[in-house]
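Participant: Provided below are the primary sequence and the corresponding predicted coordinates.
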Amino acid sequence: MEEEKVKSKECNMEQKLNEMNSVEKVIEETVTSGLHAMVLALGYKVGIIDAFGRLNKPSTAKEISEEAGLNLRYVQEWLTCMTAKGIIKLEKEKFSLPCSERVQKAVLTSAMLPLFCDCLPKLETVMRVKDTNTGYSFPQKDLEWLGKFNEINAFDHDWIHNNLEPVFEKHFKDTQDNITDILDFGCGYGKLCQQLAQIYPDINITGTDIDEGSIQHCRNTYSYPNLFFTHTKHGTPLQKNKFDIIILHEVLHDLPDPERVLSELKTILKPNGYIVTFDPDVSSDVSKNVDNEAAKTHLPYSVFFCLPNSMSESPAIGHGAGWGVEDRRKFIEQCGFTIVNVDETHVDSMVSRIVFKEKTS
Ligand SMILES: C[S@@+](CC[C@H](N)C(=O)[O-])C[C@H]1O[C@@H](n2cnc3c(N)ncnc32)[C@H](O)[C@@H]1O
């Protein structure tokens, strides 16, 4: 008996030691990778990554520095650093970087780091305001980055087929109404609107955003007869009972006053219309988010952008991407909506989609 007790105590201690070692390892690896990610971001910013793309073959440091128009010595040091990390391959004094979509995506993600740095002073200031929630709106540069990221990564035909088509089909099955008008609320740089306008030429697609620069970009970039963009400063001064479907993609958790926005959206939604929200697939139970890919991917952006935006004006509710799906569903129902069940088999695994309509008594 005594022997068993000692054994179990030893086991517990070993387990604790292993856990501690693994946390230490995670911290160390995160920090080292972060430093390398910053160096990668620098390479993107000064044009080394683009130079690799244009050269399109293994090249010497001199060729790369000439192509990028940069000082050779700095380029050599950058290449040495990235080669040591295994990001750049070196063979016979020539360096190469694969140009795959995954590489492009990762490099573009690293370009977020300097934007985090730009935000640090503002974030430090608002974090020190202890008694009230204060924040700031999405910086234009962040929205521009998201626009570029979406251009290569988001809203292709498959995405629309998997995430939105089942909603449109359910809407038709329930109402027998043809969809004539869709609103993308908080459309950002407009890629989803453009794709919808192209795929559904008989449906009017409207994109709105509080950010004037985003709407200007959309107007300058996309042109389809069924595509419209509107800048909405506060609220939604659009025609009443107009939309069959209103989409909020990665928007609800960013809003400082989601209750007001949802009540305004109710007035512009047709009586049978559906609202569809997509937000990170994060649980309200924080312990369930350990190793959750959606939480790990979205939360860093939330600390710097989503949460401060949701505290940028009164009532500064402060949801952010950490607002779990269970609480979001409750909130939506409390705002006077009924959740509609739509087949979720193919929904993007990083987000949770909630479809809802106005509650009828
Ligand atoms: C994370 S971005 C998502 C953009 C786009 N839907 C996407 O998925 O790429 C959030 C967007 O919501 C917009 N936004 C934030 N608050 C808003 C409000 N009160 N009314 C309309 N748009 C808002 C921001 O300007 C930004 O474009």
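Facilitator: Now that the structure is in, tell me what you want to look at. If you're wondering where the values come from, they're calculated on a predicted model, not measured in any experiment. Residues are numbered from 1 along each chain as shown.

Participant: quick check: residues of the protein near the ligand?
Facilitator: Neighbours of the ligand within the chain, by Cβ under 6 Å from any ligand atom: 138, 143, 146, 150, 186-188, 209-211, 214, 232, 249-251, 254-255, 309. In this view, the C-beta of every residue, glycine as well, is placed from N, C-alpha and C.

Participant: if we go to 5 Å?
Facilitator: Counting by Cβ under 5 Å from any ligand atom, the chain comes close to the ligand at 186, 188, 209-211, 249-251, 254.

Participant: of those, which is the nearest to residue 315?
Facilitator: Using Cβ to Cβ, residue 254 is the member of the residues of the chain next to the ligand that lies nearest residue 315, at 14.3 Å.

Participant: so what pLDDT did that closest one get?
Facilitator: Among the per-residue scores, residue 254 holds a pLDDT of 97.

Participant: try residue 236
Facilitator: As predicted, residue 236 sits at a pLDDT of 62.

Participant: same check on residue 99?
Facilitator: You'll see residue 99 listed with a pLDDT of 83.

Participant: what's the closest non-adjacent residue to it?
Facilitator: Spatial nearest neighbour of residue 99, excluding adjacent residues (Cβ to Cβ, 6 or more residues apart in numbering): residue 53 at 5.6 Å.

Participant: which residues touch the helix or strand encompassing that neighbour?
Facilitator: Residue 53 is part of helix 48-55, with elements assigned from DSSP states H and E. Helix 48-55 is touched from outside by 43-44, 59, 63-64, 67-68, 70, 75, 78, 95-97, 99, 107, with contacts defined as Cβ atoms under 8 Å, 6 or more residues apart in numbering.

Participant: residues of it that come out buried?
Facilitator: Buried residues in helix 48-55, counted by 16 or more other Cβ atoms under 10 Å: 48-49, 51-52, 55.

Participant: what do you get for stretch 212-221?
Facilitator: 214-215, 217-219.

Participant: swap in stretch 313-322?
Facilitator: So, applying 16+ other Cβ under 10 Å, buried residues of stretch 313-322: 313, 317, 319-322.

Participant: for this structure, which helix is longest?
Facilitator: Identified as the longest helix of the chain according to DSSP state H is helix 2-46.

Participant: tell me the average confidence for that helix?
Facilitator: 83.

Participant: other SSEs contacting it?
Facilitator: Contacts defined by 3 or more Cβ pairs under 8 Å, 6 or more residues apart in numbering; DSSP states H and E place helix 2-46 against helix 72-85, helix 101-110, helix 112-127.
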